[in-house]
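Participant: Below: sequence and its predicted model.
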Amino acid sequence: MRRQLKLTVLLGSTFMGLLVLLVDQEQDSCIPSMDPWPLSQKAPTEDPPGLTSRKFEWQARTPHPLDLKYPYPYPFLINHPDKCESPGGAPFLLMLVMTRPQDVGIRQAIRQTWGNETLVPGVVIRRLFVLGLPQPLFAQELRALLEDEDREHGDLLQVGFLDTYHNLTLKVLTGLEWMAQYCPTAHYVLKVDTDVFLNPSYLVQQVLRPNGPLRPNFITGYIYRNPVPMRRPGHKWHMPPELYSQNKYPDYCAGPGYVMSGSLALRILRVAQGFKALYLEDVFVGFCLKQLGLKPTPAPPNTFLVVKRKYDHCAFHKLVLVHHFQPQELLQIWPDFLTANITC
Ligand SMILES: *[C@@H]1O[C@H](CO)[C@@H](O)[C@H](O)[C@H]1NC(C)=O
Ligand SMILES: *[C@@H]1O[C@H](CO)[C@@H](O)[C@H](O)[C@H]1NC(C)=O
């Protein structure tokens, strides 16, 4: 009789324990999110006092899977501290190209095409490929490969976190950290992905203008206006409300390629370190911009394209960037793109 009672109590408390865990999971939204308004203004939760601390412990142990560990002193594992110390002075444009460790061939195609540092006469351009750590399974064989590649080209910046899509924001932010530490006087910084066509001459001469005035608050690209968070679970860009609860994102420049003044890059970095980072890096940069009271500057019309456009010599000479170009295609069109065509 006594034993049975004990068992009931035991089962009962186990059940309660499970219940607490489930309830806690439901209430993940109490993790300090990056909502602009302070936590204290949120609806009060109705936990008895004892539960709150237990909930806190539970959440401390189980962060949201999309939570990014930032700020955090991720090491630069392959680094080029003197990349920006060129005889021509501070670079006019620092290209931070986001790549994965295994993208050896893609990087080579980019070096031979739009990543070429000497493409724009009289303008100092510096290129760095930013990459994280490969999946442990491939780490061994990739390490030697990456060391060889870097010995030959001296343009890899490897940072010490796992290279995944959901860690892309970390890659951009640590790229900016590198800039803050080793290249703080770069006039402009370009964040660019690998699956694009880029026309550096047009970018430099028509959009950035080396002889024009400095624009400390300048950031441009393809601008998404009044963007709405994707709330469909399973979607590539799904944004759980517990990570960002507002129904609009601030305007932001699309991830495939955006360019900002060096001074703005440094301020964006500083702001970024004061908020919970979002895994959508372009959205997060837009969020930081808003915290600074700024908005993206419109680029000349139709110069940053997020939808694929078929290659056309004359049209591509009058734009900056086209998304969805694979390396083979880049290599294929590049010789034609470089030829002078007087009929344009
Ligand atoms: C980069 O461009 C320069 C000037 O156009 C050219 O001489 C050089 O061969 C190019 N480099 C590569 C790696 O394609
Ligand atoms: C991001 O990198 C960290 C550190 O390497 C890793 O522990 C984590 O799993 C990665 N996060 C995602 C979402 O891939």
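Facilitator: On my side now, so go ahead. Ligands and ions are numbered 1, 2, ... in the order given.

Participant: Now Trp114. Nearest residue, chain neighbours left out?
Facilitator: Leu198 (3.9 Å; C-beta to C-beta, 6 or more residues apart in numbering). For every residue, glycine as well, the C-beta is placed using N, CA and C.

Participant: Over to Met239?
Facilitator: Take Met239 and drop its neighbours on the chain: the residue closest to it by C-beta to C-beta, 6+ apart is Pro229, 4.1 Å away.

Participant: try Pro256
Facilitator: In this structure, Pro256 finds its nearest non-sequential neighbour in His323, 4.4 Å apart by C-beta to C-beta, 6+ apart.

Participant: Does the one you found touch Arg309 like I think?
Facilitator: No - taking contacts as C-beta atoms under 8 Å, His323 lies outside contact range of Arg309: 9.0 Å.

Participant: Among the two, which residue is more densely surrounded?
Facilitator: His323 (19 against 15; other C-beta atoms under 10 Å).

Participant: show me where the stretch 201-344 of the chain has strands.
Facilitator: Remark: strands assigned in the stretch 201-344 of the chain by DSSP state E, counting those that start in this stretch are 219-224, 252-261, 304-305, 321-323.

Participant: For ligand 1, what's its nearest residue on the stretch 151-300 of the chain.
Facilitator: As assessed by C-beta to the nearest ligand atom, ligand 1 sits closest to His153 within the stretch 151-300 of the chain, at 9.1 Å.

Participant: and what of the chain?
Facilitator: Distances between the chain and ligand 1 by C-beta to the nearest ligand atom are smallest at Asn116, namely 3.6 Å.

Participant: quick one: which helix or strand includes that residue?
Facilitator: Using DSSP states H and E, Asn116 sits within no helix or strand.

Participant: picking up where we left off before, what are the phi and psi angles of the residue nearest to Trp114?
Facilitator: When read as degrees, to the nearest 10, the backbone of Leu198 gives phi -130, psi 140.

Participant: For Gly115, see how far away it is.
Facilitator: In this view, Leu198 and Gly115 are 8 Å apart by C-beta to C-beta, to the nearest Å.

Participant: Please report how far the residue nearest to Met239 lies from His80.
Facilitator: From Pro229 over to His80 the distance is 37 Å, taken as C-beta to C-beta.

Participant: Show me the helices in the stretch 51-200 of the chain, by range?
Facilitator: With DSSP state H, counting those that start in this stretch, the ranges of helices along the stretch 51-200 of the chain come out as 104-112, 136-153, 168-182, 200-202.

Participant: low pLDDT regions in this structure?
Facilitator: The model of the chain has pLDDT under 70 over residues 1-61.

Participant: Which positions in it make contact with ligand 2?
Facilitator: Residues of the chain found near ligand 2 (C-beta under 6 Å from any ligand atom) are Phe161, Leu162, Thr164, His166, Asn167.

Participant: Tell me the most packed of these, by neighbour count.
Facilitator: Neighbour counts for the residues of the chain next to ligand 2 (other C-beta under 10 Å) peak at Asn167, which has 20 neighbours.

Participant: Would you mind confirming that Val322 is in contact with Asp195?
Facilitator: No - assessed by C-beta under 8 Å, Val322 is found out of contact with Asp195, at 10.0 Å.

Participant: Between the two, which is the more surrounded one?
Facilitator: Of the pair Val322 and Asp195, Val322 is the one with more neighbours under other C-beta under 10 Å, namely 23 against 15.

Participant: How about the contacts made by the more buried one?
Facilitator: Val196, Phe197, Leu305, Lys308, Arg309, Phe316 (C-beta atoms under 8 Å, 6 or more residues apart in numbering).

Participant: ok, for the fourth one, nearest residue in space, not its chain neighbours?
Facilitator: What sits nearest to Lys308 in space, not counting adjacent residues and going by C-beta to C-beta, 6+ apart, is His324, at 4.0 Å.

Participant: what about that neighbour, how many neighbours?
Facilitator: 14.

Participant: What does it show for phi and psi?
Facilitator: Per degrees, to the nearest 10, the backbone of His324 is at phi 70, psi 50.

Participant: in the sheet, who's paired with Thr220?
Facilitator: Counting by DSSP bridges, Thr220 is bridged to Val259.

Participant: I'd say it and Ala299 touch.
Facilitator: Yes - with contacts counted by C-beta under 8 Å, Thr220 reaches Ala299, the gap being 4.4 Å.

Participant: what touches both of those two?
Facilitator: Residues touching both Thr220 and Ala299 (C-beta under 8 Å, 6+ apart): Val207.

Participant: Would you check that Glu149 makes contact with Leu156?
Facilitator: Yes - between Glu149 and Leu156 there is a contact under C-beta under 8 Å: 6.5 Å.

Participant: Setting aside sequence neighbours, what's the nearest residue to Phe284?
Facilitator: Nearest residue to Phe284 in three dimensions, chain neighbours excluded: Leu278, at 4.2 Å (C-beta to C-beta, 6+ apart).
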